[in-house]
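Colleague: give me the fold of what follows.
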Amino acid sequence: MTQMLSTKEVAKFLGINEKMVYTLISEKGLPASKVTGKWIFPRHLVEQWVETNTVNYPQSERMLPPYDGLLVIAGSNDILLEKTLSIFNSRHPGHMAVFGNLGSVGGLNALRRNLCHLATSHLLQENGNEYNFDFLQRQFERMPVVVNFCKRDQGILLQKGNPHHISEVSDLGKSGLRIVNRSLATGTRLLFDRELKNVGLTGERISGYDHEVNRHMDVGLEILSGRADAGPGIRPVASLLGLDFLPLRQERYDLLVTRERFFDQGIQYFLSLLHEKAFIEAAEGMAGYDVSKSGKMIFPHELEPAETEETS
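Modeller: Residues are numbered from 1 along each chain as shown. Below is the predicted model:
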């Protein structure tokens, strides 16, 4: 059962006075719910919030073993990514790609700790224009290589026909409306909370705000089943399930890899798929994807094999 903290307990947990707790709720997005007039704080969400806002992570001493055919990818989940994993596994006998659904923040942590070869992330920066770089600079002594996987439409999934007449984010505060949500460790949740804050909505005013699921498709299935009326997610899910969609923005969804591992065989095999017909056709089969920049190196602009260390 989820452990709840009181205002006094969360203040002690964070090492601050109680008045500062209220400031963090209103200005920094500290996860909280108000029940019978009092604030309560799910401990696991407070811990995730602290981790999301951490800077100057210590670097891991652990090194991934030399590439031997197993490609490990971790981070934010995506339908097109799942299809690309299947293409990789069928195209390259003797190699296998696996995915750990940890959310964008979890993917960055896994890459920093050398638990994966590639991380997937779409963390919107405070400036509202750029993705991932500020988060990478906090966690890595040396910036990883950033390659675009795709651009995709992010927004709110709605029941077919939009029976609650939701035309903007503020409508999610309507009485009788129930949503389904994503984990705080995901880029989707961070964007959703940002949009709620912009219109003056807080989680305790929205039924279902604390009901979290692991994947974009899970959000869609909750809505399709009638257990929820709306939830944050990507347009491809709405396209596949026949749901309505309220767009918020087109986002950049990136692949991240350390420079030392960039030229590993499995990573190069995977990146090469982003230019192939099978990948492009998979994206075109769902509304909401833009693959015109897929496979493009976002940072650095050039990377030569001589810049990397021998790993195999």
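
Colleague: and the residue lying closest to residue 227 once chain neighbours are set aside, how far is that from residue 82?
Modeller: Nearest non-adjacent residue to residue 227, counting by Cβ to Cβ, 6 or more residues apart in numbering: residue 180, 7.3 Å away. All C-beta atoms are positioned from the backbone trio N, CA, C, and that covers glycine. Note on residue 180: its distance to residue 82, by Cβ to Cβ, to the nearest Å, is 20 Å.

Colleague: out of these two, which sits in the more crowded spot?
Modeller: When residue 180 and residue 82 are compared for neighbours, residue 180 comes out ahead with 23 against 14, by other Cβ atoms under 10 Å.

Colleague: pLDDT below threshold where in the stretch 151-300 of the chain?
Modeller: For the stretch 151-300 of the chain, no stretch is flagged by pLDDT under 70.

Colleague: in it, which spans are helices?
Modeller: Per DSSP state H, counting those that start in this stretch, the stretch 151-300 of the chain carries helices over the ranges 187-198, 216-224, 235-241, 265-273, 277-284.

Colleague: compute the inter-axis angle for the second one and helix 187-198.
Modeller: Okay, so that is helix 216-224. Interaxial angle, helix 216-224 versus helix 187-198 (axes from the mean of the first three to the mean of the last three Cα atoms, to 10 degrees): 60 degrees.

Colleague: on that earlier part again, my read: the residue nearest to residue 227 touches residue 224, true?
Modeller: No - assessed by Cβ atoms under 8 Å, residue 180 is found out of contact with residue 224, at 10.8 Å.

Colleague: how about the strands of the protein, start to end?
Modeller: Assigned by DSSP state E, the chain shows strands spanning 4-6, 33-35, 38-42, 70-75, 96-101, 118-121, 145-158, 181-182, 212-213, 230-234, 244-257, 289-290, 297-299.

Colleague: what would those strands look like in a markdown table with distance to residue 90 and mean neighbour count?
Modeller: Listed next are these as a markdown table, based on distance: least, Cβ to Cβ, whole Å; neighbours: other Cβ atoms under 10 Å:
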| stretch | distance to residue 90 | mean neighbour count |
| --- | --- | --- |
| strand 4-6 | 47 | 16 |
| strand 33-35 | 46 | 13 |
| strand 38-42 | 41 | 17 |
| strand 70-75 | 14 | 23 |
| strand 96-101 | 11 | 18 |
| strand 118-121 | 19 | 28 |
| strand 145-158 | 19 | 23 |
| strand 181-182 | 30 | 24 |
| strand 212-213 | 29 | 18 |
| strand 230-234 | 24 | 28 |
| strand 244-257 | 20 | 20 |
| strand 289-290 | 21 | 20 |
| strand 297-299 | 26 | 16 |
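
Colleague: and the residue lying closest to residue 157 once chain neighbours are set aside, bridged to which residues?
Modeller: Leaving out its chain neighbours, the residue that sits closest to residue 157 by Cβ to Cβ, 6+ apart is residue 233, at 4.4 Å. Under DSSP bridges, the beta-bridge partners of residue 233 are residue 155.

Colleague: residue 92: how many residues sit nearby?
Modeller: Using other Cβ under 10 Å, residue 92 is surrounded by 17 other residues.

Colleague: how close does it get to residue 226?
Modeller: Relative to residue 226, and taking Cβ to Cβ, residue 92 is found at 42 Å.

Colleague: residue 143: what's it in contact with?
Modeller: Each residue near residue 143 by Cβ atoms under 8 Å, 6 or more residues apart in numbering is listed here: 133, 136, 137, 299, 300.

Colleague: could you find the closest non-adjacent residue to residue 5?
Modeller: Nearest to residue 5 is residue 41, by Cβ to Cβ, 6+ apart, at 4.4 Å.

Colleague: contacting residues for the one you found?
Modeller: By Cβ under 8 Å, 6+ apart, the contact list for residue 41 reads 4, 5, 6, 7, 9, 10, 30, 31, 32, 33.

Colleague: what's the spacing between the residue nearest to residue 199 when sequence neighbours are not counted and residue 206?
Modeller: Nearest-residue entry for residue 199: residue 170, 4.2 Å, with adjacent residues in sequence omitted and distances by Cβ to Cβ, 6+ apart. Note on residue 170: its distance to residue 206, by Cβ to Cβ, is 11 Å.

Colleague: right, I'll call it a day here.
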